[in-house]
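Chemist: got a predicted structure plus its sequence, pasted below:
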Amino acid sequence: MVERVRLVIWDLDETFWKGTLTEGGQTYRQETHDIVIELARRGIMSSICSKNDLQTVEPILRGAGIWDYFIFPSINWNPKGPRIREMIEAIGLRPATVVLIDDNPMNLNEALHFVADMQVAPETFIPEILGSPLFVGKNDADLTRLAQYKVLERRRTDEIAAGDDNTDFLRGSNLRVRIDHDIEGNIDRVIELINRTNQLNFTKRRLSENPETARAEVITLFSGFMIQGGLVHVQDSYGDYGLCGFYAVNAVAHEMVHFCFSCRILNMGVEQWLYDKLARPRINVVGEVLTDLIASTRRVDWINTESVGAETPGSEAAHQFDTVMLRGGCELQAIAHYLGLAARNVVGDYFVIRHGLPIRMDHSVFINHIFDETGSAEIAALAPLGYTPEDFRSKLTTESQKADFFVFSFWQNASNALYRHRTLGVEIPFTIPNTDNAGSAFDLSSSVLDKELSEPFAREAVEYLRQNFDRVGVASAEALQNDVSRLMRALMKNKPVFILLQKEKFLSQKTGKMEAFPHHIWANDALRAICGKWSNLFLIQFEDYITSESDVIDGLHFKRQVYHRISNGILRKAAEFLSQPAPTCQNSDHRIVAVA
C-alpha cells in the first residue's frame with residue numbers, strides 16, 4: 001500500500017469475524033469491531049462487500065452496535081469485483097485511497113481486475129492497521145465525516161431509485177448552497193480540498209505537503225486585493241454535507257486560480273452552478289475531471305443560495321436581486337465578485353490595461369462621453385491613445401431600467417489628469433503606470449518612457465499625446481459634481497445609487513503616522529456637498545469597513561475582507577431602500593452607508 005487510506009472495504013467471513021455464516025457458526029472478533037470505530041474517529045470510513053444474505057448479516061451487526069459505522073454496505077451473492085467498482089464510484093473516492101481486506105486471494109485479484117488502482121490486503125494485515133502510517137487519518141472524534149457519508153448514502157439510494165434522469169429528483173431535494181468567505185478560519189479544510197481532491201479538482205494547483213508551508217501559501221495567495229474566494233457549504237433535505245468545495249478567482253483578470261470539490265457533491269450540479277454564478281471565468285482545466293464546465297449547456301435551476309457570504313449569520317440582505325450595474329476601477333471588480341453571488345446578473349464597466357496603458361473609463365468625464373454619444377471623429381482621434389469605440393458605450397444608456405441598484409467609483413478624478421485634443425476639444429484621461437500623473441509638475445519626459453513603457457504602442461501613444469493634446473490637469477470639484485449630477489438625472493429615481501468615497505488617511509511608511517491624502521479629501525467633499533440632492537444616492541465611506549490598518553494594502557487597494565464587508569453593506573441598504581414604498585432615506589445629511 002502506497003497512499004493514505006480513506007475507505008476500508010471489509011469482507012466478513014474469516015475476516016471481520018472468524019468462521020462462516022453459511023456453515024452455521026462464526027466467532028465475533030471484538031478487536032476488528034474496535035478497529036472500525038477507531039478508524040471512524042480518524043475520519044476513515046468502512047464499508048462491507050460480502051457474499052452473504054443481508055437479512056442474516058444486518059441483525060448481527062446491529063446487535064453488536066457496529067452496523068451504523070458502515071457506509072454503502074454491499075451484501076449479496078453477486079461477484080465482488082463489479083460491486084466494489086460501483087461502490088467506489090457511488091462514494092466518490094479515488095480508488096488509490098481505498099483498500100479491500102479479504103481472506104480470499106481470488107476476491108483480491110478480482111477487485112484489482114475491475115479497479116486496478118485500488119489497494120488490497122489479506123486478513124492477516126488487520127492487526128497492523130491502526131499502527132500503519134497509511135491509516136493515520138485526521139481527528140474526527142465527533143464522527144462528522146461518517147455522518148456526512150451516511151447522508152450521502154441515503155441520498156444516493158433515492159437518486160438511483162429515481163432513474164437515469166435525476167433532474168426531478170434534484171429539484172425535489174431542496175439543495176442549498178452557502179458560500180463561506182472565512183478562509184483563514186477554515187484554512188486546513190482549504191488545504192485538504194486543494195491537495196486531496198482529484199475528480200472534481202479542475203486546476204490541480206497543489207500546495208506544499210508541509211502543513212505550515214501550505215497555510216502560508218494560502219495566506220499569501222489571499223494577501224492581495226485581486227484574489228477573492230470562498231468555501232462551498234452544501235445541504236439538502238437529506239442533511240448537511242459540510243464544506244465540500246473551494247474556489248479562488250482573480251476578480252480583476254476574471255481567471256480561476258483554484259476550483260475544487262469533494263466527490264460528495266458529485267451529480268448535484270454544484271460545481272456547474274457555481275462556475276456559472278461566477279460568470280464563467282477563464283479556467284485552465286488540468287487532467288481528467290468528471291464535469292465539462294465549458295461545454296455544458298445544462299441549466300442548474302435546483303440550487304438555492306441559503307445565505308450568501310455573511311461574516312455573521314443573518315448579516316446579509318435576504319432580498320433577491322436580479323441585476324446590478326457597476327462602473328469603476330479594480331475596487332469595483334472586487335466588490336462585484338460578492339454582489340454577483342447575491343444577484344442573478346452583474347453588468348460592469350471597468351478600467352482595462354491595453355498595450356501597457358491603463359484605459360481609465362472610471363473617470364467621471366466618461367459620463368459625458370457615453371451619454372453624448374461621442375462622435376466617430378473624436379473616437380478616431382483617441383484611438384492612437386489606446387481607446388476603442390466600445391469604451392464610449394455603456395449599458396447604462398440602454399438597460400439601466402433593468403437594474404435593481406447601481407454602484408460607481410470615480411477615484412481617478414483625484415489622481416489622473418485630463419488632456420484636451422487641440423482641434424476637436426475632446427477631453428480624455430491618460431495615465432502612465434507608476435507615475436504621479438495628478439501632480440502639476442508631471443511631464444511626459446523621455447526618462448519616464450524609458451522606465452515605464454516597454455511596449456512600442458505605448459511609446460507611440462505618448463508621442464502622439466505630445467503632438468496633439470494639451471494637458472488640462474486634474475478635473476475640478478465642480479466638474480465632478482456636474483458629471484455625477486448628470487448621471488443621477490439619467491438614472492431611475494426609484495433605484496438606489498452607491499458611490500464609493502476614497503480613504504482619506506493612510507499610515508505613512510516613512511513616519512509611522514496617519515497622514516491625510518488631500519486629493520482624496522477634496523474629491524470626497526465634492527460628492528458629500530451634492531449628495532443631499534437625491535434621496536436615492538448613498539456614499540460609501542471606506543473607513544467604516546476597515547477594522548485595522550492591516551486591512552489596507554496601499555492608497556487604493558485593500559484586503560478582500562474589506563470588499564466583502566462593503567458588498568454586504570450595499571446589499572443590506574439596497575434591500576432596505578427597495579422594500580420601502582417610496583424613497584425616504586433620512587439617515588444623515590450625507591447618507592453614509594456604514595456597517596450595520
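Modeler: Sure, I can see it. Predicted model, so just to flag it, every value in this text is computed and none were measured.

Chemist: show me where the stretch 401-550 of the chain has its strands.
Modeler: Here the stretch 401-550 of the chain has its strands, by DSSP state E, counting those that start in this stretch, at 405-409, 417-421, 427-429, 469-474, 497-500, 505-507, 514-516, 537-540.

Chemist: using CSV, list the CA coordinates for the first one.
Modeler: Once non-C-alpha atoms are left out, strand 405-409 reads as follows in CSV (Å, rounded to 0.1, in the frame of the first residue of the first chain):
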residue,chain,number,x,y,z
PHE,A,405,-29.3,49.3,-8.0
PHE,A,406,-26.1,50.9,-9.2
VAL,A,407,-22.5,51.2,-7.8
PHE,A,408,-19.9,53.7,-9.0
SER,A,409,-16.5,54.9,-8.1
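
Chemist: so what touches that strand?
Modeler: 321, 324-329, 331-332, 335-336, 339, 362, 396, 400, 487, 491, 495-500, 570, 574, 577-578 (Cβ atoms under 8 Å, 6 or more residues apart in numbering). C-beta coordinates here come from the backbone N, C-alpha and C atoms, glycine included.

Chemist: ok so, going back, got the strands of the stretch 401-550 of the chain as TSV, with mean neighbour count and mean pLDDT columns?
Modeler: As requested, those are exported to TSV (neighbours: other Cβ atoms under 10 Å; pLDDT from 0 to 100):
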stretch	mean neighbour count	mean pLDDT
strand 405-409	25	96
strand 417-421	19	93
strand 427-429	23	93
strand 469-474	17	90
strand 497-500	23	96
strand 505-507	14	79
strand 514-516	11	82
strand 537-540	22	96
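
Chemist: thinking again about what came up before, among the contacts of strand 405-409, which ones are in strands?
Modeler: 321, 324, 325, 326, 327, 328, 497, 498, 499, 500 (DSSP state E).

Chemist: and the longest strand along the chain, which residues are buried?
Modeler: The residue-count maximum for a strand in the chain (DSSP E) belongs to strand 239-250. By 16 or more other Cβ atoms under 10 Å, the buried positions in strand 239-250 come out as 241, 242, 243, 244, 245, 246, 247, 248, 249, 250.

Chemist: what angle separates the next helix-or-strand element following it from strand 239-250?
Modeler: Using DSSP states H and E, the helix or strand that follows strand 239-250 in sequence is strand 255-261. Angle, strand 255-261 to strand 239-250, by axes from the mean of the first three to the mean of the last three Cα atoms, to 10 degrees: 160 degrees.

Chemist: which strands and helices sit next to strand 255-261?
Modeler: In terms of contacts (3 or more Cβ pairs under 8 Å, 6 or more residues apart in numbering; DSSP states H and E), strand 255-261 is packed against helix 187-196, strand 227-236, strand 239-250, helix 270-277.

Chemist: check what contacts that strand and list those residues.
Modeler: Residues lying outside strand 255-261 but in contact with it, judged by Cβ under 8 Å, 6+ apart, are 193-194, 197, 200-203, 205, 221, 227, 229, 232, 244-250, 270-271, 275, 278, 281-284.

Chemist: give me the pLDDT for residue 9.
Modeler: We have a pLDDT of 97 for residue 9.

Chemist: and for residue 312?
Modeler: Reported pLDDT for residue 312: 40.

Chemist: over to residue 265?
Modeler: Value listed for residue 265 in the pLDDT field: 88.

Chemist: what's near enough to touch it?
Modeler: When contacts are taken as Cβ under 8 Å, 6+ apart, residue 265 is in contact with 200, 232, 234, 241, 244, 245, 271.

Chemist: what do you get for residue 188?
Modeler: 211, 215.

Chemist: that one and residue 260, how far apart?
Modeler: Going from residue 188 to residue 260 by Cβ to Cβ, to the nearest Å gives 15 Å.

Chemist: cool, residue 421 as well?
Modeler: 51 Å.

Chemist: what do you get for residue 354?
Modeler: Counting by Cβ to Cβ, the gap from residue 354 to residue 260 is 33 Å.

Chemist: can you show me the helices along the stretch 101-250 of the chain?
Modeler: 105-114, 144-162, 167-171, 187-196, 211-221 (DSSP state H, counting those that start in this stretch).

Chemist: how about the stretch 351-500 of the chain?
Modeler: Shown for the stretch 351-500 of the chain, the helices assigned by DSSP H, counting those that start in this stretch span residues 365-372, 376-382, 412-415, 446-452, 456-468, 477-490.

Chemist: and the angle for the last one with strand 405-409?
Modeler: Which is helix 477-490. Inter-element angle recorded for helix 477-490 and strand 405-409: 160 degrees (by the same axes, to 10 degrees).

Chemist: quick revisit: which one of the strands of the stretch 401-550 of the chain lies nearest to residue 382?
Modeler: Closest approach to residue 382 among the strands of the stretch 401-550 of the chain is made by strand 427-429 (5.7 Å; Cβ to Cβ).

Chemist: for that closest one, which outside residues touch it?
Modeler: With contact meaning Cβ under 8 Å, 6+ apart, strand 427-429 is reached by 360, 363, 365, 382, 385, 387, 412, 416-421, 472.

Chemist: same thing but at 7 Å, please
Modeler: For strand 427-429, contacts defined as Cβ atoms under 7 Å, 6 or more residues apart in numbering pick out 360, 363, 365, 382, 385, 387, 412, 416, 418, 419, 420, 472.

Chemist: state the distance from the closest residue in space to residue 329 that isn't next to it in sequence to residue 553.
Modeler: Nearest residue to residue 329 in three dimensions, chain neighbours excluded: residue 362, at 4.3 Å (Cβ to Cβ, 6 or more residues apart in numbering). As judged by Cβ to Cβ, residue 362 and residue 553 stand 18 Å apart.

Chemist: ditto for residue 575
Modeler: For residue 575, the distance to residue 553 equals 29 Å [Cβ to Cβ].

Chemist: the more surrounded of the two?
Modeler: residue 575 (19 against 13; other Cβ atoms under 10 Å).

Chemist: for the residue lying closest to residue 549 once chain neighbours are set aside, list each beta-bridge partner.
Modeler: Spatial nearest neighbour of residue 549, excluding adjacent residues (Cβ to Cβ, 6+ apart): residue 507 at 5.0 Å. Note on residue 507: beta-bridge partners by DSSP bridges are residue 514.

Chemist: where does pLDDT dip in the stretch 201-350 of the chain?
Modeler: 306-319 (pLDDT under 70).

Chemist: between residue 354 and residue 260, which one's more packed in?
Modeler: Set side by side, residue 354 and residue 260 show more neighbours around residue 260, with 27 against 17, by other Cβ under 10 Å.

Chemist: spatially nearest residue to the spatially most central residue of the chain, not counting backbone neighbours?
Modeler: For the chain, the residue nearest the mean C-alpha position is residue 229 (3.5 Å; Cα atoms, centre = their mean). Using Cβ to Cβ, 6+ apart and skipping the chain neighbours, the partner closest in space to residue 229 is residue 248 (3.8 Å).

Chemist: ok, that neighbour touching residue 231?
Modeler: No. Using Cβ atoms under 7 Å as the test, residue 248 is too far from residue 231 to be in contact (10.4 Å).

Chemist: just checking, what packs against the longest strand of the chain?
Modeler: The contact analysis (3 or more Cβ pairs under 7 Å, 6 or more residues apart in numbering; DSSP states H and E) places strand 239-250 against helix 144-162, helix 187-196, strand 227-236, strand 255-261, helix 270-277.

Chemist: save the ones you listed as a markdown table, and put in distance to residue 369 too.
Modeler: A markdown table is the format used below for the helices and strands packed on strand 239-250 (distance: least, Cβ to Cβ, whole Å):
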| stretch | distance to residue 369 |
| --- | --- |
| helix 144-162 | 54 |
| helix 187-196 | 43 |
| strand 227-236 | 30 |
| strand 255-261 | 29 |
| helix 270-277 | 32 |
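
Chemist: if anything else comes up later, I'll come back, but that's it for now.
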